[in-house]
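A.B. asks: I'd like to go over a predicted model; first the sequence, then the structure.
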Amino acid sequence: MRGISDTVKHIIIINVIFWVATLLIGNKGDFMEGLFAMHFPLNDGFKPWQIITHMFMHASYQEGGGIVFYHILFNMFGVWMFGTPLEQMWGKKKFVFFYISAGLGSLLLYTGILYFQFTSALDTLIAAGFERAEILETLNSGDYMYDTRWLNTLGEEGVAELLQPFNGIMLGASGALYGVLVAFAMTFPNTPLMLIFLPIPIKAKYFVPGVLCIDLFFGLTSYSIGPIAHFAHIGGAIAGFIMAYYWKKNSFNNTRWN
C-alpha cells in the first residue's frame, strides 16, 4: 500500500480481518460482538480482553440484515489520512502507544457516563427494598422482562436508564480516531480539511473543534444520527489532546519520548 505508514497499515488490516470474520461467522455478528465488543463491566458478557479488542470491531449488520460498510470505511479512512503523518513524525512505538491510549480514554469516559446512569437507577431500586445482588442476577438472566415491579418503581424512563447501559455494547475505532484527529490538528493546524457534504476547505485548527462541538451537542441532547457513542468520541479527543499537548510541550527536554 503506497502513501501509508507500516503501523497504520497493520491497524487497518487487523480491523478488516475482524470485520470480515464477523461477516463469515454469521449470526448477524452476535458471536463476534459477544466475544470481542466491549460489554458493560457488570454484565456477564464482559471479558477483560474486550477493553482492547472493541477498538478493532465494527458494526457489520444493520436492521433487516443488510451489511454495514460505512462504519469501518469511515474509521479506516480517517486512521489512514490522519494517522500516517503522525506515525511518520513520531515513529511506530509512540504512535501505537498514542492510538491505544486514545481508545482507552474513549472507553473510560463513555463507560463512566454509562456507569453513572446505571447506578442512579440501581440505587433507586435498592432504596425501594431490592437487593443489589438480586438485581444484577435478574439483569444477567433477562428475567426483568417479566417483572413489573421495576417499572412501578422506576417508570419507563428509569427502566431504560438501567437496561440500556447494562445491555449495550461499545465497538469501533472512533475513539482512537478522534484522538488521532486532535493530534493531527495540533501538529498540522493549517492543513485544509473538508466534509463530504460541505466541500469547503477549513483549516484543521478550526475544523476539528467544530466537529467536537457537534459531537458534544448530540451527546448532551436527544438529537443524534444513528446509534453513535458521542461521548466516546469526546473521551478519545480529550485523551489525544492531553498526550499531544504534553509531548509537544516537552519535546526538547529530558521528559520527551525516547
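C.D. replies: All right, it came through fine.
A.B. asks: make it CA atoms for all contacts and neighbour counts henceforth
C.D. replies: Will do.
A.B. asks: Check the model's average confidence along the longest helix seen in the chain for me.
C.D. replies: Counting by DSSP state H, the longest helix found in the chain is helix 92-127. Throughout helix 92-127, pLDDT has a mean value of 94.
A.B. asks: Quick check: buried residues in it?
C.D. replies: If you call a residue buried by 16 or more other C-alpha atoms under 10 Å, then helix 92-127 has these buried ones: 92, 95-96, 98-111, 114-115, 117-118, 121-122, 125.
A.B. asks: Show me the shaky parts of the stretch 51-200 of the chain.
C.D. replies: For the stretch 51-200 of the chain, the stretches with pLDDT under 70 are 63-65, 145-147, 195-198.
A.B. asks: For the closest residue to Phe188 other than its chain neighbours, give me its contacts.
C.D. replies: Closest residue in space to Phe188, ignoring its immediate chain neighbours: Ala204 at 7.1 Å, by C-alpha to C-alpha, 6 or more residues apart in numbering. By C-alpha atoms under 8 Å, 6 or more residues apart in numbering, the contact set of Ala204 is 184-185, 188-193.
A.B. asks: Distance from the chain centre to stretch 230-248, please.
C.D. replies: 13 Å (C-alpha atoms, centre = their mean, to the nearest Å).
A.B. asks: Show me which positions of that stretch end up buried.
C.D. replies: 230-241, 243-244.
A.B. asks: so how far is the helix or strand following the longest helix of the chain off the chain centroid?
C.D. replies: Sequence order places helix 132-141 as the next helix or strand after helix 92-127, per DSSP states H and E. Centroid separation for helix 132-141 versus its chain: 26 Å, with C-alpha atoms, centre = their mean.
A.B. asks: Begin at 717 from now on, thanks
C.D. replies: Will do, 717 is the new start, and the previous item becomes helix 848-857.
A.B. asks: what inclination does helix 848-857 have with respect to helix 808-843?
C.D. replies: Per axes from the mean of the first three to the mean of the last three C-alpha atoms, to 10 degrees, the angle that helix 848-857 makes with helix 808-843 is 120 degrees.
A.B. asks: Residues contacting the helix or strand just after helix 848-857, please?
C.D. replies: For helix 848-857, the succeeding helix or strand toward the C-terminus, using DSSP H and E, is helix 865-883. When contacts are defined by C-alpha under 8 Å, 6+ apart, helix 865-883 is touched by residues 755-756, 758-759, 830-831, 833-835, 837-838, 840-841, 844, 855, 860.
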